[in-house]
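Asks: just coords:
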């Protein structure tokens with residue numbers, strides 16, 4: 001069998017060689033640099049691919065894709081049933097075993113395949129802590145839709161509970177899940193499930209409409225100022241500058257200290273972030289920025305983060321004043 005003779009990287013290289021340069025290039029666009037480098041080395045080292053090896057790799061790839069689709073559509077039992085009919089029991093089990101070796105089925109899987117409006121009808125009368133727990137396991141767009149549709153007087157409380165959630169004992173998750181749906185409890189792991197937390201709330205708030213976001217943040221500022229500040233810090237990361245439109249970024253850059261704060265903020269960022277900045281200043285300004293960054297030499301990470309946060313605070317202020325548009329929050333229609 002090909003699977004016993006070749007590593008995963010080698011089989012991926014064989015598949016890409018078989019696809020040809022045009023399709024392989026399109027695949028590369030979706031891969032991380034590290035994976036591209038690894039596959040490039042494998043492709044370079046692969047001198048000749050016997051036809052039977054090529055055919056076996058392509059067949060295996062097709063089977064794995066089909067199995068993954070079946071898993072996404074209806075779970076393990078559904079995938080097993082379909083694959084057994086198509087490939088036979090032994091091969092079906094073999095493929096599923098390999099696919100699910102690193103697959104951890106999350107609780108409340110049935111909810112993620114349910115419309116947000118139905119979920120809301122299902123849980124709106126539950127205790128706020130129960131709703132927060134369920135939202136922690138939802139897909140982010142679903143959770144945002146549910147949070148937006150809840151009564152305003154409950155939104156901040158549930159948002160706060162979601163942010164403060166850390167670990168939930170599996171028996172509690174099982175009991176809540178059992179009430180909502182009879183299945184899936186047997187698939188839970190016996191270790192504590194880490195869900196919720198501040199980032200989970202931030203992800204949700206980034207998808208709700210601006211009015212809901214402001215209402216929740218405002219309420220948190222009154223009831224828990226520290227939590228509100230932490231959430232606001234995470235709502236827009238410095239690296240998110242790459243998603244801003246050029247006009248908005250240019251407006252921000254007019255108020256940034258180009259000699260001190262910006263060079264320091266750019267000290268540890270990716271090339272993508274730097275290029276975004278450089279494209280929105282003059283050629284001379286870009287050259288001076290690069291010189292200033294080099295001139296800084298070694299700097300403390302804390303100083304870099306403070307400079308970045310200073311610029312993020314400026315962006316959020318300008319956003320609140322309607323001076324710039326920041327991607328992320330749902331519901332803000334743009335009319336030109």
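Replies: Happy to help now that I have it. Quick caveat, the model's predicted, so the values are computed rather than measured.

Asks: C-alpha from now on. contacts and neighbour counts both.
Replies: OK.

Asks: Could you list the buried residues of stretch 248-255?
Replies: For stretch 248-255, burial by neighbour count (16 or more other Cα atoms under 10 Å) applies to 248-250, 252-253.

Asks: Just the ones of the residues you listed in helices?
Replies: Filtering these for membership in helices, criterion DSSP state H, returns 248-250, 252-253.

Asks: if we can go back for a sec, and the buried residues of stretch 248-255, which is closest to residue 116?
Replies: The closest of those to residue 116 turns out to be residue 248 (Cα to Cα; 33.1 Å).

Asks: Domain boundaries for this protein, per the record?
Replies: 2-100, 111-232, 237-320 (automatic domain parsing).

Asks: can you count the residues close to residue 61?
Replies: By other Cα atoms under 10 Å, the residues close to residue 61 number 15.

Asks: circling back to that earlier point, just so I know, which of the domains of the chain lies nearest residue 326?
Replies: With Cα to Cα as the criterion, residue 326 lies closest to domain 237-320 of these, at 5.8 Å.

Asks: if we can go back for a sec, could I get the buried residues of stretch 248-255 as JSON lines with distance to residue 22 and pLDDT?
Replies: JSON lines is the format used below for the buried residues of stretch 248-255 (distance: Cα to Cα, whole Å; pLDDT from 0 to 100):
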{"residue": "248", "distance to residue 22": "36", "pLDDT": "92"}
{"residue": "249", "distance to residue 22": "35", "pLDDT": "93"}
{"residue": "250", "distance to residue 22": "37", "pLDDT": "94"}
{"residue": "252", "distance to residue 22": "40", "pLDDT": "94"}
{"residue": "253", "distance to residue 22": "39", "pLDDT": "94"}
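
Asks: highest average neighbour count across the domains of the chain?
Replies: Ranked by mean neighbour count under mean count of other Cα atoms under 10 Å, those are led by domain 111-232, which reaches a mean of 17.

Asks: Contact partners for the residue positioned nearest the centre of the chain?
Replies: In the chain, the residue lying closest to the centroid (Cα atoms, centre = their mean) is residue 203, at 8.7 Å. When contacts are counted by Cα atoms under 8 Å, 6 or more residues apart in numbering, residue 203 touches 140, 235.

Asks: For the helix or strand hosting it, give the mean pLDDT please.
Replies: Using DSSP states H and E, residue 203 falls within helix 198-205. What helix 198-205 shows for mean pLDDT is 72.

Asks: in the stretch 151-300 of the chain, which spans are strands?
Replies: In the stretch 151-300 of the chain, the segments counted as strands under DSSP state E, counting those that start in this stretch are 167-168, 193-194.

Asks: what's the pLDDT at residue 148?
Replies: pLDDT, residue 148: 89.
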